[in-house]
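Undergrad: task: produce atomic coordinates for the following.
(2 chains)
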Amino acid sequence: MNDTTQELQAIADRVVERAAAGEQIEAFVSRGGETEVRVYEGDVEHFVSAQSEGLGIRVIRDGRTGFAYAGTLDEAAIADVLAEARDNVQFGTVDEFAGLAEPDGVAPTDQELWNDALADYATDRKIDIAKELEKLASGRDPRVRVDDSNYADAWGEAAVASTNGVRQAGRENGCYVSVSTLADDGDGDDVETQSGFGFSVGRQPDEFDLDRAAQEASDRATRLLGATKPASKTTTVVLDPFVTAQFLGVISSTLNGEAVVKGRSLFADRLGEQVAAPGVTLVDDPTNPLAYTSTDVDGEGLAARRNVLINDGRLEMFVHNSYSARRADAVSTGNATRGGFAGTPGVGCLALSLEPGTRSQDELVADIDDGLLVQMVQGLHSGVNPISGDFSTGAAGLLISNGEVGAPVREFTIASTLQRMLQDIVEVGGDIDWLPMRAAGMSLVISNVTMSGS
Amino acid sequence: MIDKDVLERVLAGATKTGADFAEVYAEDKRSTSAGLDDGRIEQVTSGRDRGAGIRVIAGETTGFAYTSDLSEAGLNVAASAAAAAASQGGGGVNTVGLTQSAPHRPNQVVHDPESIEKARKVELLNRMDEAARSFGPEIVQVSAGYGDSTKRVLVANTDGVLTDDEIIRTLLRINAVANGDGGMQTGYQSMGHTVGFEIFDTVDVEEMAREAARQAITKLAARPAPSGEMPVVIKHGTGGVLFHEACGHGLEADHIQKDASVYAGKVGQLVANPMVTLVDDGTMPGEWGTLGFDDEGSRTQRNVLIEDGVLTDYMWDYLRSRKDGRPQSGNGRRQSYQHLPMVRMTNTFVMNGPDDPDDIIASTPNGVYVAKLGGGSVNTASGDFVFGMTEAYLIEDGKLTEPLRDGNLIGNGPKVLQDIDMLANDFSMGSPGTCGKDGQGVPVGDGQPTLRVKALTVGGTAA
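TA: Next up is the predicted model:
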């Protein structure tokens, strides 16, 4: 283990050693840094370089839980945090299921989460990459200009220790580039502007595909120029990979063990039932090195693992952390999430994907007489209710007629319910794309979606 | 938090390599939160966030670094990192003399939440849980949260600005789930103010809980929302998010300067129905988006953005106003010391119009009445925006009839502003919001009287 990571583990260990009799303690200690370069019109608009650190301490006594955190690793502050967490215990309600994760003997899958080439990458070259991407994206089409072009990298190291014997530490780093574009058409007050974006991720900058990011950003913006509001109808949609990934993110919250045990999942009573169309297989696999969010351990320090949630349309399991598992009379599936030192573990999918099919987006579109290719959705947070299942989002894309994409459309919504959408999946594309989020994307064909326009 | 002479030395050091501006933003925040779910207080959390962000500007380039070490040595390390990224500038600033600004405290705080026992905070949650559950047997689940924070902020820059502020926030929210034959439905209520614990002397927390329960139970009988364009009436105090999305973001000067807003170049033009006057005001006592100074040390103020339908001004931060050679408007904000400031809204609202709210519904033969809106988002370049309706009813023959299931509404900002054809005289402020932009969230307020948009697209599933 690296020296500085070792130091974090030592801090976590020292906190846990202070546990009194009858007290469970978990300490999570982390440190991280970031570089962010934004370029505009050939110049650096801003350059951010910084690091931060902190710890969170969870104390459980007699079934009551207390928590405190601080954004510092100063020795005096650590003592204060422990004292605050202990003080907070008295206000928690007694919960027979309260407790820390128990080591389960599952060995973490070895992964290369740290890349020395990225850690040593020269600052000037990071700036050059953002400049290069801006140039590529603005040069594809005379109607396109760049709103911003960005390079970003981040590294983090963390250690967790608990009185139950969990002891895990590690570090990871990663980087990506992104570009936002604007495409203009028309003159004066009649000018129409549409926006697009593109990105590329890598373990280190040499893995970026700048050409593809630039092309996608240019295409996304120009494709929508001249878009009109479509007529309302019920239709078949093809979700672009980026949209599918967002859709899977919503689905994952209905398969969350915490939502299940607290009566907030619409699939709570449906284990073993056919909840999706045959052929649909949904897997959460953070051990897949291709996943952007791949990891060796979860937020409680248990091994991350491959879980098949839906197999050929049949609901197989929910994901759990140690608390939701205990309440569900199940075992943790290694799905504790943690948003840094300032919070306690939640439950969530770590690296979700549908098992990809075999055909390309063009092949999928070729089978559709009358439909819609959804390029982007807007308002997933405001128009989707994962508890009732109602699904309604703003959208923009291209109409499909007689097997070909045609006129661009915008300012409409697509709506259905999550329950129906899973059953209405017609085909999963083979064009899997590992995006910088917790889910992978691929083209996805869904029938019976209501399109609301004029 | 940091001595004046230390700040002066750090700022002078940050600009000695040629930068023309440097700024220290320091914060020390203590927070307490408590969560209730499934009938249990899950935990009380205490948090401490403390640090400084240092910004150095040379020409068009900004360098930024932050640190949790507020000693002079720690600040100098961050200042050097920020200066290294922005060192191609001209003359530099050699000496810095800071002048403390007169205090500006729009909010009156009686009981600092830090002085209140945690047990009293937890008790609010238990009272809400009980009130929601006893509202009806359909209520099967309740979660609720309490949060307060006390944030001390200091801003100093090479223009000689030195301000300090203390921002106290108190927040309460509840989410109820009802179960019926047609599945589960949800109800939500929240309140948030920049005042102390005395807010609970006047807010009826049980009533908030019953309201969330009532929404969830009402929606059990909801039918799918209609689909297509129709008149939409939005209840007062729930639809400020419409303006926040339809035009607020498009009036932020960073989007304007990059020509990435449909409102660029439109000052002096009629952009809305002449009934519409839109204001962004960071000084409204107690409101969620209220601040004494913005996060660049600029005093907050009342900014009229649209007056009688005519676009009068945009919102500005330091960088954008410097570029345009005009005063700041108190709209430079950031999520924390770990973030760069940018142009943000504070409390954004539309002022009263001439109509009676009951007349608005009565004069709408068919349409949708939205009693509660959820969040929204906008594409500032095209002006297309969406917002969610979380409690809505069908309007038939000028009367409210059946409740509708959740869905999004979609519209185009400039068109919707023109399409507002009735505006009532019943203004009220809405629920506390968190506005997201470029990965940063900041607290904002909004408000509006009851109004009608003559055509918005409702994104339901019913034909």
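Undergrad: okay, now the domains of chain B?
TA: Per the record, chain B has its domains at B:113-150+B:166-220, B:227-459, by automatic domain parsing.
Undergrad: can you add mean pLDDT, mean neighbour count and distance to A:Gly430 and give those domains back as a markdown table?
TA: C-betas here are computed from N, CA, C, even on glycine. Output for the domains of chain B, formatted as a markdown table (pLDDT from 0 to 100; neighbours: other CB atoms under 10 Å in any protein chain shown; distance: least, CB to CB, whole Å):
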| stretch | mean pLDDT | mean neighbour count | distance to A:Gly430 |
| --- | --- | --- | --- |
| domain B:113-150+B:166-220 | 96 | 20 | 34 |
| domain B:227-459 | 95 | 22 | 30 |
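Undergrad: among the ones you listed, which is nearest A:Ile127?
TA: For A:Ile127, the closest of these is domain B:227-459, at 16.8 Å, according to CB to CB.
Undergrad: can you list the domains of chain B in TSV and add distance to chain A?
TA: Listed next are the domains of chain B as TSV, based on distance: least, CB to the nearest CB, whole Å:
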stretch	distance to chain A
domain B:113-150+B:166-220	5
domain B:227-459	3
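Undergrad: nearest to A:Ser392, out of these?
TA: Using CB to CB, those put domain B:227-459 closest to A:Ser392, at 3.8 Å.
Undergrad: about what we covered before: what's the closest of the domains of chain B to A:Ser447?
TA: domain B:227-459 (16.5 Å).
Undergrad: quick one: the helices in chain A, in order.
TA: Per DSSP state H, chain A has helices spanning A:3-17, A:75-89, A:116-119, A:123-138, A:210-223, A:241-254, A:257-261, A:322-327, A:361-366, A:380-383, A:418-423. These are given in chain order.
Undergrad: can you list the residues of the stretch 151-300 of chain A near chain B?
TA: Residues of the stretch 151-300 of chain A that fall close to chain B, judged by CB under 8 Å from any CB of the partner chain: A:182, A:192-195, A:224, A:229, A:232, A:262-264, A:266.
Undergrad: report the buried members of the residues you listed.
TA: Among those, the ones that count as buried by 16 or more other CB atoms under 10 Å in any protein chain shown are A:182, A:192-195, A:224, A:229, A:232, A:262, A:264, A:266.
Undergrad: which two in those residues are spaced the farthest apart?
TA: Farthest pair in these, by CB to CB: A:Glu192 and A:Lys262, 46.9 Å.
Undergrad: in JSON lines, list the helices of chain A along with distance to B:Ile360.
TA: Shown next, in JSON lines, are those (distance: least, CB to CB, whole Å):
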{"stretch": "helix A:3-17", "distance to B:Ile360": "60"}
{"stretch": "helix A:75-89", "distance to B:Ile360": "49"}
{"stretch": "helix A:116-119", "distance to B:Ile360": "58"}
{"stretch": "helix A:123-138", "distance to B:Ile360": "47"}
{"stretch": "helix A:210-223", "distance to B:Ile360": "39"}
{"stretch": "helix A:241-254", "distance to B:Ile360": "35"}
{"stretch": "helix A:257-261", "distance to B:Ile360": "39"}
{"stretch": "helix A:322-327", "distance to B:Ile360": "47"}
{"stretch": "helix A:361-366", "distance to B:Ile360": "45"}
{"stretch": "helix A:380-383", "distance to B:Ile360": "24"}
{"stretch": "helix A:418-423", "distance to B:Ile360": "34"}
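Undergrad: including mean pLDDT, could the ones you listed go into CSV?
TA: Formatted as CSV, those follow (pLDDT from 0 to 100):
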stretch, mean pLDDT
helix A:3-17, 95
helix A:75-89, 96
helix A:116-119, 95
helix A:123-138, 96
helix A:210-223, 96
helix A:241-254, 96
helix A:257-261, 96
helix A:322-327, 97
helix A:361-366, 98
helix A:380-383, 84
helix A:418-423, 97
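Undergrad: relative to B:Ala225, which of these is closest?
TA: helix A:380-383 (10.2 Å).
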